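K.L.:
Using only what follows, build the 3D model:
(2 chains)
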2 protein chains.
Amino acid sequence: MSTPVPDPSPALLQRAASVRRSAMALGQCSDADRRAAVLAMADALEADQSAIVAANQADLEAAASDGLAEALVARLRLDGPKLAAAIAGVRQVAQLADPVGVRQLHTELDAGLVLERVSVPLGVLGVIFEARPDAVMQIASLAIRSGNGALLKGGREANLSCAAIMAALQAGLTRSRVEPTALELLTSREESLGLLRLDGLVDLIIPRGSNALVRFIQDNTRIPVLGHADGVCHLVVDAAADPAMALRLALDSKTQYPAACNAIETLLVHRAIAPAFMPKAIAAFAAAGVELRGDGAAMALGVSKAASDDDWSCEYSDLILAVRIVDDLEAALEHIRRHGSRHTDAICTGDPAAADRFLAAVDSAGVYLNCSTRFADGFRYGFGAEVGISTQTLPPRGPVGLEGLVTYRYRLRGDGHIASDYASGARRFSHRALPL
Amino acid sequence: MSTPVPDPSPALLQRAASVRRSAMALGQCSDADRRAAVLAMADALEADQSAIVAANQADLEAAASDGLAEALVARLRLDGPKLAAAIAGVRQVAQLADPVGVRQLHTELDAGLVLERVSVPLGVLGVIFEARPDAVMQIASLAIRSGNGALLKGGREANLSCAAIMAALQAGLTRSRVEPTALELLTSREESLGLLRLDGLVDLIIPRGSNALVRFIQDNTRIPVLGHADGVCHLVVDAAADPAMALRLALDSKTQYPAACNAIETLLVHRAIAPAFMPKAIAAFAAAGVELRGDGAAMALGVSKAASDDDWSCEYSDLILAVRIVDDLEAALEHIRRHGSRHTDAICTGDPAAADRFLAAVDSAGVYLNCSTRFADGFRYGFGAEVGISTQTLPPRGPVGLEGLVTYRYRLRGDGHIASDYASGARRFSHRALPL
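P.N.:
As a prediction, this is how the structure comes out:
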């Protein structure tokens, strides 16, 4: 741990405890109450539109005089249309199916002794994001919809925007059955570091930002983190691939949105197909403005720039693609095992055996056959919302929808049942499955 | 972090990498192969019974000359009948339903583009336990059944027993389709500390031992830990409780096995029922050899020993019970919120409103009505096995069966589908649920 993470201040502890209390009350609210609260938040954002845009304007002016990088300024900007789209997004969250109160298991342990497992909110979310004030609206609405309180920390450069948005969200909540203190905005760096130490008060941390931010958070908290530090995705062009399809998938996976975590960084081409595939691919990537970096065999087939060892593990997030020619499918699997980030990996092949081997052997959150890696996304998967994408091994894994914001609780109802009756053999468990 | 955790040695890294390779092959094995492997392990244990008992005898003699505490010696002892029971347990694990390959989600995203989510093994488990050589057999069989490799580290005092058991397990695996190197025994303290740093090679750590061991591991690894450090469980005797039932539940929850994590440590008695309930309870607990420690009101009703502030958060694991008289149900809920460990908490009441309030408001892995807390157990829940009990908020939570040893993977199969067709509006997602 290179940066010391200080203990949370008493003031932060108090605010977090207050969010937790409000979150516990929120957790008792009905589906209709939580839905109405999210709609009230949307109404209040609409009413405050001009104040929010003005606050954002002030943030943008400060950013300009601070010489903020252009990419950050673009993410910081929240003009009328962008705000309207964000508000529409909040209304969509209100329409999502309730993730709370779903019975996942229902078993009669014995006559009159019935076990159920029911989904419940996590409690309190800690959300840390860079710039992007629209993320406040998205995450706050997902939190309230799923019955969770949230401590939100935006980038310093978005402070005025975030404050204006949070004022509107809380004003909306005052016109609902949800306490406005279920949401709290953190503003200082001390608070955001202190958040990492709020074990017991915060149940899940959701970072939205650079890989460096995510990695720092993962390395400095014991609270579970929903996120991924890397997205080194691969496309394997198998010997039995349709070359035209493979090229189409490679171009989409690399260029449709190169900054996305689910864009590919490396193309692994079976040497049997490489002489036919590479010349067309080189021309097509050049036309799309993509720089290729190849191994020796790829260079022999026309790639002009050499890949270094670092290239194989690099998430370019840019129009750059590493290309390696592999001897066979096993070599491609070994490359992915060594260099991949277990995010999303795809194969293009017409050979069912190769497809099965790839889908069974690659241990990534998403393993794809004959389609673009860019489909790795909660909306595209049909979840209605995306809380984040996780590359950890344990669930939730891959694109995570609202189900990532709930957990479960076992409820056991009896009528004086005691364990010693079963230990002694006086009674026996029936373990009869009941309808969900 | 008080104890420095050293980097894993090159030798340990190499062994862990070898287990991981074997685990990936194991993950491709069929249900029948894994089942047969577990049965082969049981056969080999049976063949090696006398060697295992002799090795345990040597461990016991060393323990005697080292003056090991009696409770530890009892856990270390593995005589013929105990070994036979453990081998029967291994055979039972072979019979458990396959947790791997279960399709959890199946959606047509568009014509020819089909998403599925399928359960897969986690990869490699790291298991650390104190004494108890029988745990090696249990965890190793659960690991192989669920397609996972495992690095196992037993207590130093059980080294000979563990080595004899592991030799038998690996001999069994040589007569199966599973590579014997899917299991590895660690023996030194360096190795067990190094295990905590095997991020990327080990997917889940399962500690079996004292609270102090679990807490040390949780504090010193970034690998997810399946376990719980505390089990401070409560029973609330509500105003509307049947006093006879309440006493029966209290006695079972405290005395049926006081060392268990799901035994109660604190009894919270509504003051309306306390005058009627307490005298009988005091007599019954005295007869059962339970020492009561009360607050002022409980002492006024006859509890002779005072509880200190520390008592409310203490896991006695012994025949001691703290007793507090509470003004109402809300006071009981607040006590549990402040002092509980979110393991298992129960209420005894005949009032449906009080029952509903308790079951909704207590945020523990198990919330019980009119039954003993001792039911919090994977076998009693009908899971067929228990990997551990987790008090973390995120799933898996509470008693965890084989499902705690698997995760899932998304598989997406297309026919040249690319994301830009959906971004441009040329194609639209159908998101049609398909049968599981």
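
K.L.:
hey, where'd the helices end up in the stretch 251-400 of chain A?
P.N.:
Secondary structure of the stretch 251-400 of chain A (DSSP state H, counting those that start in this stretch): helices located at A:274-287, A:296-300, A:329-339, A:352-361.

K.L.:
Flag every buried residue along the shortest one.
P.N.:
Read it as helix A:296-300. Across helix A:296-300, burial judged by 16 or more other CB atoms under 10 Å in any protein chain shown covers A:Ala297, A:Ala298, A:Met299. (Each C-beta comes from the backbone N, C-alpha and C, glycine too.)

K.L.:
wait, the second one sits on A:Leu292?
P.N.:
Yes: A contact is recorded between A:Ala298 and A:Leu292 when judged using CB atoms under 8 Å, the distance being 7.5 Å.

K.L.:
what sits in contact with each of these two?
P.N.:
A:Val323 (CB atoms under 8 Å, 6 or more residues apart in numbering or on different chains).

K.L.:
so the residue nearest in space to the middle of chain A bridges to which residues?
P.N.:
In chain A, the centroid-proximal residue (CA atoms, centre = their mean) is A:Gly388; its distance is 1.0 Å. Taking DSSP bridges, one finds A:Val400 as the beta-bridge partners of A:Gly388.

K.L.:
so where's chain A shaky on pLDDT?
P.N.:
Scanning chain A for pLDDT under 70 picks out A:1-4.

K.L.:
what's the single longest strand in it?
P.N.:
strand A:406-417 (DSSP state E).

K.L.:
partners of that strand in the sheet?
P.N.:
strand A:113-121 (antiparallel), strand B:366-371 (parallel).

K.L.:
Beyond that strand, next helix or strand please.
P.N.:
Where DSSP states H and E defines the elements, the next helix or strand beyond strand A:406-417 is helix A:420-423.

K.L.:
Pull the contacting residues for the residue of the stretch 151-300 of chain A found nearest chain B.
P.N.:
Closest residue of the stretch 151-300 of chain A to chain B, CB to the nearest CB: A:Asp252 (3.6 Å). Neighbouring residues of A:Asp252 by CB under 8 Å, 6+ apart: A:Ser372, A:Arg374, B:Ile418, B:Ala419, B:Ser420.

K.L.:
Spatially nearest residue to it, not counting backbone neighbours?
P.N.:
B:Ile418 (3.6 Å; CB to CB, 6 or more residues apart in numbering or on different chains).

K.L.:
That neighbour is in contact with A:Cys371, isn't it?
P.N.:
Yes: the pair B:Ile418 / A:Cys371 is scored as a contact, 7.4 Å apart, by CB under 8 Å.

K.L.:
With neighbour numbers in mind, choose between the two.
P.N.:
Taking other CB atoms under 10 Å in any protein chain shown, B:Ile418 and A:Cys371 do not tie; A:Cys371 has more neighbours (28 against 22).

K.L.:
Go ahead and confirm the more buried one touches B:Gly416.
P.N.:
Yes: the pair A:Cys371 and B:Gly416 passes the contact test of CB under 8 Å, sitting 7.3 Å apart.

K.L.:
who touches both of the two?
P.N.:
With CB under 8 Å, 6+ apart as the test, A:Cys371 and B:Gly416 both reach A:Leu249.

K.L.:
which residues touch stretch A:38-53?
P.N.:
A:78-80, A:83-84, A:86-87, A:90-91, A:93-94, A:137, A:140-141, A:144-145, A:161, A:164-165, A:167-169, A:171-173, A:175-176.

K.L.:
Those residues in strands, which ones?
P.N.:
With DSSP E as the criterion, strands contain none of these.

K.L.:
Give the intersection of the neighbour lists for B:Ile418 and A:Cys371.
P.N.:
Going by CB under 8 Å, 6+ apart, residues that sit against B:Ile418 and also against A:Cys371 are A:Leu249.

K.L.:
any idea how far A:Ala25 is from the residue nearest to the centre of chain A?
P.N.:
Taking CB to CB, to the nearest Å as the measure, A:Gly388 falls 26 Å from A:Ala25.

K.L.:
residues in contact with the spatially closest residue to A:Cys162 that is not a sequence neighbour?
P.N.:
Residue nearest to A:Cys162 in three dimensions, not counting chain neighbours: A:Gly154, with 4.0 Å by CB to CB, 6+ apart. Neighbour list for A:Gly154: A:Phe129, A:Ala131, A:Arg132, A:Pro133, A:Ala135, A:Val136, A:Ser161, A:Cys162, A:Leu185, A:Thr187 [criterion: CB under 8 Å, 6+ apart].

K.L.:
List buried residues within those.
P.N.:
A:Phe129, A:Ala131, A:Arg132, A:Pro133, A:Ala135, A:Val136, A:Ser161, A:Cys162, A:Leu185.

K.L.:
Now, those that are in helices?
P.N.:
For those, membership in helices holds for A:Ala135, A:Val136, A:Ser161, A:Cys162, with DSSP state H as the criterion.

K.L.:
all helices in the stretch 51-200 of chain A, in order from the N-terminus.
P.N.:
Counting by DSSP H, counting those that start in this stretch, the stretch 51-200 of chain A has helices at residues A:70-76, A:80-95, A:134-145, A:159-174, A:189-195.

K.L.:
and those helices, which is most packed in?
P.N.:
Most buried of the helices of the stretch 51-200 of chain A by mean neighbour count (mean count of other CB atoms under 10 Å in any protein chain shown) is helix A:134-145; its value is a mean of 26.

K.L.:
C-alpha coordinates for that helix, PDB please?
P.N.:
C-alpha atoms of helix A:134-145 as PDB (Å, rounded to 0.1, in the frame of the first residue of the first chain):
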ATOM      1  CA  ASP A 134     -24.200  12.100 -15.000                       C
ATOM      2  CA  ALA A 135     -22.900   9.000 -13.200                       C
ATOM      3  CA  VAL A 136     -24.300  10.500  -9.900                       C
ATOM      4  CA  MET A 137     -27.800  10.400 -11.300                       C
ATOM      5  CA  GLN A 138     -27.500   6.900 -12.700                       C
ATOM      6  CA  ILE A 139     -26.000   5.300  -9.600                       C
ATOM      7  CA  ALA A 140     -28.200   7.200  -7.200                       C
ATOM      8  CA  SER A 141     -31.300   6.000  -9.000                       C
ATOM      9  CA  LEU A 142     -30.100   2.400  -9.200                       C
ATOM     10  CA  ALA A 143     -29.300   2.600  -5.500                       C
ATOM     11  CA  ILE A 144     -32.700   3.800  -4.400                       C
ATOM     12  CA  ARG A 145     -34.500   1.500  -6.800                       C
END
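
K.L.:
circling back to that earlier point, adding distance to B:Asp66, write the helices of the stretch 251-400 of chain A out as JSON lines.
P.N.:
Formatted as JSON lines, those follow (distance: least, CB to CB, whole Å):
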{"stretch": "helix A:274-287", "distance to B:Asp66": "65"}
{"stretch": "helix A:296-300", "distance to B:Asp66": "61"}
{"stretch": "helix A:329-339", "distance to B:Asp66": "44"}
{"stretch": "helix A:352-361", "distance to B:Asp66": "47"}
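
K.L.:
And the contacts of the helix or strand in which A:Ile206 is found?
P.N.:
Taking DSSP H and E as the criterion, A:Ile206 maps to strand A:204-208. Contact partners of strand A:204-208, identified using CB under 8 Å, 6+ apart, comprise A:122, A:125-130, A:132, A:135, A:139, A:195-196, A:213-214, A:217, A:221, A:223-227, A:387-388, A:404-405, B:393-394.

K.L.:
again, only this time at 7 Å
P.N.:
The contact list for strand A:204-208 (CB atoms under 7 Å, 6 or more residues apart in numbering or on different chains) reads A:122, A:125-129, A:132, A:135, A:139, A:213-214, A:217, A:221, A:223-227, A:387-388, B:394.

K.L.:
Can you name the next helix or strand after that strand?
P.N.:
helix A:211-219.

K.L.:
for the helix or strand following that following helix, the distance to its chain's centre please.
P.N.:
In the C-terminal direction, the helix or strand that comes right after helix A:211-219 (DSSP H and E) is strand A:233-237. Taking the mean of its C-alpha atoms, strand A:233-237 sits 22 Å from the chain's own mean (CA atoms, centre = their mean, to the nearest Å).

K.L.:
Right, I'll call it a day here.
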